[in-house]
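A.B. asks: I'll drop the sequence and a predicted model, then ask my questions.
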Amino acid sequence: MGDNNAPDLSIVGDRLTLHPPGVIQDQETPLLTSYARFRSAPLDFLREVSLHLSGTGWRSYNDFIGRNIFYNGFSDHIKALVLKNPRLQSRISELAHKRLDVEVADGTLPIHKVEERRKEMEAQLIQVADSWTDQMICKMDSRRFIRGAYYIATQLLTRAYHQGIHVSSEEVLRLRNVAQEAERKKQSIIFLPCHRSHVDYVSLQLICYRLGLALPIVVAGDNLNFPVVGPFLQHAGAMWIRRSFGDDALYTTLVQAYLDTLLQEGHNFECFVEGGRSRTGKLLQPKFGILSFLLESVLSGQVEDAVICPVSTQYDKVIEVDSYISELLGQPKPKETLSNFLSSSSVLSLKLGRVDVRFHEPWSLRDFINEQKLRLTTLPPRIKSPEDVALKRRLLTTLGYKVLSDINAVSVVMPTALVGTVLLTLRGRGAGKSELVRRVDWLTERVKKQGGRIAHFSGLPTTVVVERALEVLGQNLVGEYKNLPEKTYYAADRFQLSFYRNMTIHLFVSEALVSAALYTKVKLGGGPEYQSISYNDLYDYVYFLSQLFRGEFIFPTTPLAENLTNTLTGLESDNIISVKRSENDGSTIESISLDETERLSGRENYDFYCFLIWPFIEASWLGAISLLMLTPPSSNFSQQTSLPLNAVVTQAQRLGKTLYAQGDISYLEAVNRETLRNAYTRFAESGIIFITSPSKDGKIPASVRLTAEWLPERTKDGQIKAQGKLWEYCESISKARREGKNRRDGNTVVRRIFGLVELVGAGLWKDAEPSAVAVPAKGDAEWKAKRREIRTSPKL
């Protein structure tokens, strides 16, 4: 991996120049500089347009590294190869024979007409595949088009991100060398970036164009294939796929055939390992759809090898955050249209700072598979074969989490993320300018100590860096108290600012969980001797939290005991905690407490870690409490009655908003639709709830109910009892919740919460049929069997 002090890459005209770190910011030129504008510099504007039209120098895009693209007939050539693909031909024959068997069995097809009917059906299926292929594949047919597209895209992007795109010179030079070797071997580079914005794929395409690399073909959901934008993107490298394949065997095989063809031909490829864009700022869990196709291409022998290149894209400010917050608070996602696309981007007026793109050291997919097969030799013989479904699933899961880990490893923390994190991890209403600068310096050192990387400050003092970050964030996110002796800032929009805080949390998850576990004792108050926790209790609660957040964070792959020891050692060396060891051997940890130095300093460093994790603890607690709404209101309802999942999540958000307004929840970001859904998925994996899948046609939505062993009892007067497994589970989460001045856990709070649960949940049961039994009794047994097969992601 690259050195954090490696120089940034500067491109001026046709010259590529390396700038060592520490140069003055104003003398540093980013990868892409904004073009001259007609009003301010008409001659320069016309000169630049002329250079692009004539294709002068690098603008011609004639001498790039990689397979030939952007020539007349490219899409026809690829389409012909896809339709001739043996896998696709075999599927078409199989589907035709299946239909023939049905028609013969029904007596509607005479035997003497079977061959004629077979040819007719295969011709029809080929015609369908031809049409679908034409809609799906990218159409890189015109070099003149891509020159113009590059110019337009750069104009728009550099108006929004006025400081341009920055890359590490070391990483891009290494990437060019890898690309040259891949071209020699006729191998594809598979770029796997994180996904926070539509700008992600635009920035990577612009980088490849400017550095002279063959543009990757980008997998994109067909929701973006709307008038004007859709055709433009398809001719610039986008391939369109459905958001869901369902049971369509022909379409699934067609996608596999297309990817086989691209990798066989050595064309570069790009897809997002997280699937959709992250609405919260942190990495999402991997989605395995397209990854499974890519893995299948190599496992099946259709493709010898491909090069994997994880990519991190970080922003000073993300264009779509406003719309993300609306979605997370329960507003329906608007349909993609050109007007929405332009208005959400506001590309003509924004000044959003810069984009930093970092490339992990590329690695061989074939070598990864071979290494994993060797590591899995201790598995039972039945899953050693490459064709075995269980082995493929293990390979796919490991591949997904390795890519996410590599992305985290090369990610840089932007100044806006530093400022946002500090403002959301300080007690009090706001922070003075000097305090803000001091804590940014502290956080910068913490990030580096954790192996993270900071975007180059180029020798600027932290004061200037903070001022620029505040300018980019704007007064809607960070407000300033006026007419005070010292400039004092506060989080004006904590929910939106949490997006930038979440860009740093992956570095401190282990420390945050340990701090939360210790808080279960610190929260009780009293002297230091009462705020100590035994190692066994700490271990158990950290394990509980790591299981709770298995769907939220990408945990280290090291065993829990080892990682816990390393985390405690680090916190102890920072004088945040004090560790008491056994007098017998001097190494066995007996108990953990806050260090006296940390107490005297006002717990500011310890609180930092707690503030990072508290919103997620609160969100999980809200999710667990909302499950009480699934308790049937009377004996008229079967315990097997399921409720629509979307409606339950919506009501859980209403419950959360009410609890926040009344002071029983400290963080509005806990009322987060995505985090609630993650919590429900985790509860289902734990056997607390049973979630049915929606019907294939979408007419019957997903539904949810409590499993029998987690179902609370009611008193004689119909009230839910504050006891049983579900309530104990809620209480276990609540142990680490932040206790504020306006909230104390106790009987009064319990009565209020239960009253709200009944009030909000009443609407769910009002629409339910009393006799409805959506899931048969055997569902519990089936679900338990399924849970045993659910993949286990790396744990703390």
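C.D. replies: Now that the structure is in, tell me what you want to look at.
A.B. asks: Where does the prediction get shaky in the stretch 651-796 of the chain?
C.D. replies: Residues of the stretch 651-796 of the chain meeting the criterion pLDDT under 70: 696-698, 740-748, 769-796.
A.B. asks: Strands of that one, start to end?
C.D. replies: Remark: strands assigned in the stretch 651-796 of the chain by DSSP state E, counting those that start in this stretch are 689-692, 703-706.
A.B. asks: Hmm, residue 199 is touching residue 355, no?
C.D. replies: Yes. Between residue 199 and residue 355 there is a contact under CB atoms under 8 Å: 6.7 Å. To be clear about C-beta, it is placed using only N, CA and C from the backbone, and glycine gets the same treatment.
A.B. asks: quick one on the thing from earlier: right, so the strands of the stretch 651-796 of the chain: which one is the most enclosed?
C.D. replies: Counting by mean count of other CB atoms under 10 Å, strand 703-706 has the highest mean neighbour count of those, with a mean of 24.
A.B. asks: what residue ranges in this protein score low on pLDDT?
C.D. replies: Short version for the chain, where the test is pLDDT under 70: 1-58, 333-350, 377-387, 457-458, 635, 696-698, 740-748, 769-796.
A.B. asks: care to break it down by domain?
C.D. replies: As given by automatic domain parsing, the domain ranges for the chain are 8-69+138-410, 418-505, 507-606, 607-789.
A.B. asks: Of all the strand elements in the protein, which one is longest?
C.D. replies: strand 307-315 (DSSP state E).
A.B. asks: That strand packs against which elements?
C.D. replies: Contact analysis of strand 307-315 by 3 or more CB pairs under 8 Å, 6 or more residues apart in numbering; DSSP states H and E lists helix 169-185, strand 189-193, helix 199-211, strand 355-359, strand 363-364, helix 365-375, helix 389-410, strand 412-413 as its packing neighbours.
A.B. asks: and the ones you listed as a markdown table, adding mean neighbour count?
C.D. replies: Listed next are the helices and strands packed on strand 307-315 as a markdown table, based on neighbours: other CB atoms under 10 Å:
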| stretch | mean neighbour count |
| --- | --- |
| helix 169-185 | 17 |
| strand 189-193 | 25 |
| helix 199-211 | 23 |
| strand 355-359 | 26 |
| strand 363-364 | 16 |
| helix 365-375 | 15 |
| helix 389-410 | 19 |
| strand 412-413 | 22 |
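A.B. asks: just to revisit the earlier point, please tabulate the strands of the stretch 651-796 of the chain in TSV, including the columns distance to residue 181.
C.D. replies: Below are these laid out as TSV (distance: least, CB to CB, whole Å):
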stretch	distance to residue 181
strand 689-692	47
strand 703-706	51
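A.B. asks: Select, out of those, the one closest to residue 260.
C.D. replies: For residue 260, the closest of the strands of the stretch 651-796 of the chain is strand 689-692, at 34.2 Å, according to CB to CB.
A.B. asks: partners of that closest one in the sheet?
C.D. replies: strand 703-706 (antiparallel) (DSSP bridges).
A.B. asks: Can you tell me what sits against the partner strand?
C.D. replies: By CB atoms under 8 Å, 6 or more residues apart in numbering, the list of residues contacting strand 703-706 from outside reads 627, 630-631, 639-645, 648, 680, 684, 688-692, 712, 726, 774-775.
A.B. asks: In TSV, list the helices and strands packed on strand 307-315 along with distance to residue 435.
C.D. replies: As requested, those are arranged in TSV below (distance: least, CB to CB, whole Å):
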stretch	distance to residue 435
helix 169-185	35
strand 189-193	36
helix 199-211	33
strand 355-359	27
strand 363-364	43
helix 365-375	46
helix 389-410	29
strand 412-413	20
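A.B. asks: Pick out the residue nearest the middle of the protein.
C.D. replies: residue 284 (2.6 Å; CA atoms, centre = their mean).
A.B. asks: Name the nearest residue to that one, sequence neighbours excluded.
C.D. replies: Sequence neighbours aside, residue 274 is the residue nearest to residue 284 in space, at 4.1 Å (criterion: CB to CB, 6 or more residues apart in numbering).
A.B. asks: I'd like to know how far that neighbour sits from residue 282.
C.D. replies: Distance of residue 274 to residue 282, computed by CB to CB, to the nearest Å: 10 Å.
A.B. asks: do residue 398 as well
C.D. replies: Separation of residue 398 from residue 282 (CB to CB): 21 Å.
A.B. asks: returning to what we had before: residue 163: which of the helices and strands packed on strand 307-315 is closest?
C.D. replies: That would be strand 355-359 among these, by CB to CB, at 8.3 Å.
A.B. asks: Please state the offset of the closest one from the chain centre?
C.D. replies: Computed by CA atoms, centre = their mean, to the nearest Å, the separation of strand 355-359 from the middle of its chain amounts to 16 Å.
A.B. asks: So which elements touch it?
C.D. replies: strand 165-167, helix 169-185, helix 199-211, strand 307-315.
A.B. asks: now those as CSV including distance to residue 479?
C.D. replies: Shown next, in CSV, are those (distance: least, CB to CB, whole Å):
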stretch, distance to residue 479
strand 165-167, 29
helix 169-185, 37
helix 199-211, 27
strand 307-315, 21
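A.B. asks: do you know which of these lies nearest residue 518?
C.D. replies: Set against residue 518 and scored by CB to CB, those come closest in strand 307-315, at 31.1 Å.
A.B. asks: quick revisit: shared neighbours, residue 199 and residue 355?
C.D. replies: 157, 161, 313, 315.
A.B. asks: Among these, list the two that are farthest apart in space.
C.D. replies: Using CB to CB, these span at most 12.2 Å, a distance reached by 157 and 313.
A.B. asks: anything in contact with each of those two?
C.D. replies: With CB under 8 Å, 6+ apart, residue 157 and residue 313 have common neighbours 199, 203, 355.
A.B. asks: What separation do you get for residue 80 and residue 121?
C.D. replies: For residue 80, the distance to residue 121 equals 22 Å [CB to CB].
A.B. asks: For those two, indicate the residue with more neighbours.
C.D. replies: Higher neighbour count among residue 80 and residue 121: residue 121, with 19 against 12, using other CB atoms under 10 Å.
A.B. asks: Who are the contact partners of the more buried one?
C.D. replies: Residue 121 touches 95-96, 99-100, counting by CB under 8 Å, 6+ apart.
A.B. asks: neighbour-wise, which of those leads?
C.D. replies: Most surrounded of these: other CB under 10 Å gives residue 96, at 20 neighbours.
A.B. asks: that's a strand at that one, yeah?
C.D. replies: No. Under DSSP: H, G, I helix; E, B strand; the rest coil, residue 96 sits outside any strand and is assigned helix.
A.B. asks: Leaving out the residues flanking it, which one is nearest to it?
C.D. replies: Distances taken as CB to CB, 6+ apart put residue 121 closest to residue 96, at 4.3 Å, once the chain neighbours are dropped.
A.B. asks: Helix, strand, or coil at that neighbour?
C.D. replies: Taking three-state DSSP as the rule, one finds residue 121 in the helix state.
A.B. asks: That one and residue 370, how far apart?
C.D. replies: 41 Å.
A.B. asks: Next: residue 168.
C.D. replies: For residue 168 relative to residue 370 (CB to CB), the value is 29 Å.
A.B. asks: Pull the distance from stretch 180-197 to the chain's centre.
C.D. replies: Counting by CA atoms, centre = their mean, stretch 180-197 comes out at 20 Å from the chain centroid.
A.B. asks: partners of residue 592 in the sheet?
C.D. replies: Assigned bridge partners for residue 592, using DSSP bridges, are residue 533, residue 579.
A.B. asks: just use 84 as the starting number from now, easier for me
C.D. replies: Got it, the first residue is 84 from now on, which makes the last one we talked about residue 675.
A.B. asks: what residues are up against it?
C.D. replies: 597, 601, 615-616, 618, 621, 651, 660-663.
A.B. asks: Quick check: the two most widely separated of those residues?
C.D. replies: Every pair of the contacts of residue 675 checked by CB to CB; the farthest is 597 and 663, at 15.1 Å.
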